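S.K.: I'll drop the sequence and a predicted model, then ask my questions.
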Amino acid sequence: MPLKADTICRDMLVMEVIIRKNGEECGLVAARIVAKCLQEKEKPVLGLATGSTPLQLYGELIELYRTGTISFKECTTFNLDEYVGLDHSHPKSYHRYMADNFFGRVDMCAENINIPDGTAEDLRQTCQEYETKIEQCGGIDLQILGIGSNGHIGFNEPMGSLSSRTWIKILSKNTIKDNGRFFKDAREVPRHVITMGIGTIMEARHCLIMACGWKKSEAVKAMIEGSVTAQWPASALQFHRRTTAVLDEEAASLLSHREHYAWVEENMMPWQTY
Ligand code: F6R
């Protein structure tokens, strides 16, 4: 099969790496990537992440919606993950996070929003139905991702299968400690989650992974320039056909090939830039 024009330049790198000064600038580039997807597709399907990293991006998207540049009316979304056992209205649930930080502030249709249900009576069935629904919607066009300091994407922790599907997973002690900052105490962080698997994420047509801050620098180095290994789940993205990493200076600080990433970005064809 002939290569699509869009793939040609990107095949020079395992990942397209965009480095910006700070989180605010990362949010601007990421929002342009999402906006491009919304404008190009008639019925776009977005995969969404929570946590602190995409907040700037959601802020920019809300702004673009307010100014009439983009609309989410035709858009379907699938969130990556949710804690098991937290009620949808729980202040720390990802249902609540999404309603407060994004869905409640744009023109998304409620029936097009999908978030794993961590309160379902039959969790295994809910996971299988989630996979089916993604398939029925034609797959994910653009998957937004953050990265854990241990290299997790979604809640796929180190040493899990790199071809896993949406399932119930156990958070690592490291993530429970990291996410303790969102709760009163790390002891309140649920130990179980539902998350799209690495295999599910790898089927998205485009992955957009964002990372900001020193704390992410080791995981970012392993993801982009290390070996592909279950010890750093995000490194599986080296096998993805189209991943864009948007990093701030701190998160990119351990990368060895920064000059090359900048060179590639400088020399992109106008239709490849964001
Ligand atoms: C959240 C998710 C996680 C986070 C990661 C980074 O939906 O899937 O993988 O993206 O834990 O979290 P922050 O951005 O809070 O550092």
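M.R.: Noted; the coordinates are in hand. Since this is a predicted model, take the numbers as computed values, not measurements.
S.K.: how much space between the closest residue to the ligand within the stretch 151-274 of the chain and residue 50?
M.R.: Proximity of the stretch 151-274 of the chain to the ligand (Cβ to the nearest ligand atom) peaks at residue 154, 4.6 Å away. Placement of C-beta: from N, CA and C, glycine included. Per Cβ to Cβ, to the nearest Å, residue 154 is found 10 Å from residue 50.
S.K.: and for those two, which residues touch both?
M.R.: Shared contacts of residue 154 and residue 50 (Cβ atoms under 8 Å, 6 or more residues apart in numbering): 80, 81.
S.K.: the residue of the stretch 151-274 of the chain closest to the ligand contacts residue 144, doesn't it?
M.R.: No. Judged on Cβ atoms under 8 Å, residue 154 makes no contact with residue 144 at a distance of 10.9 Å.
S.K.: need the residues touching each of these two.
M.R.: In contact with both residue 154 and residue 144: residue 49, using Cβ under 8 Å, 6+ apart.
S.K.: the ligand contacts on this structure?
M.R.: Proximity of the chain to the ligand (Cβ under 6 Å from any ligand atom) is limited to residues 49-53, 80-81, 146-148, 152-155.
S.K.: just the buried members of those?
M.R.: Neighbour-count burial (16 or more other Cβ atoms under 10 Å) applied to the residues of the chain next to the ligand gives 49-51, 53, 80-81, 146-148, 152-155.
S.K.: dump those residues to JSON lines, plus distance to residue 242.
M.R.: Output for those, formatted as JSON lines (distance: Cβ to Cβ, whole Å):
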{"residue": "49", "distance to residue 242": "17"}
{"residue": "50", "distance to residue 242": "23"}
{"residue": "51", "distance to residue 242": "23"}
{"residue": "53", "distance to residue 242": "20"}
{"residue": "80", "distance to residue 242": "18"}
{"residue": "81", "distance to residue 242": "22"}
{"residue": "146", "distance to residue 242": "18"}
{"residue": "147", "distance to residue 242": "17"}
{"residue": "148", "distance to residue 242": "22"}
{"residue": "152", "distance to residue 242": "21"}
{"residue": "153", "distance to residue 242": "15"}
{"residue": "154", "distance to residue 242": "18"}
{"residue": "155", "distance to residue 242": "23"}
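S.K.: mind checking which of the residues you listed are in strands?
M.R.: Residues of those located in strands (DSSP state E): residue 81.
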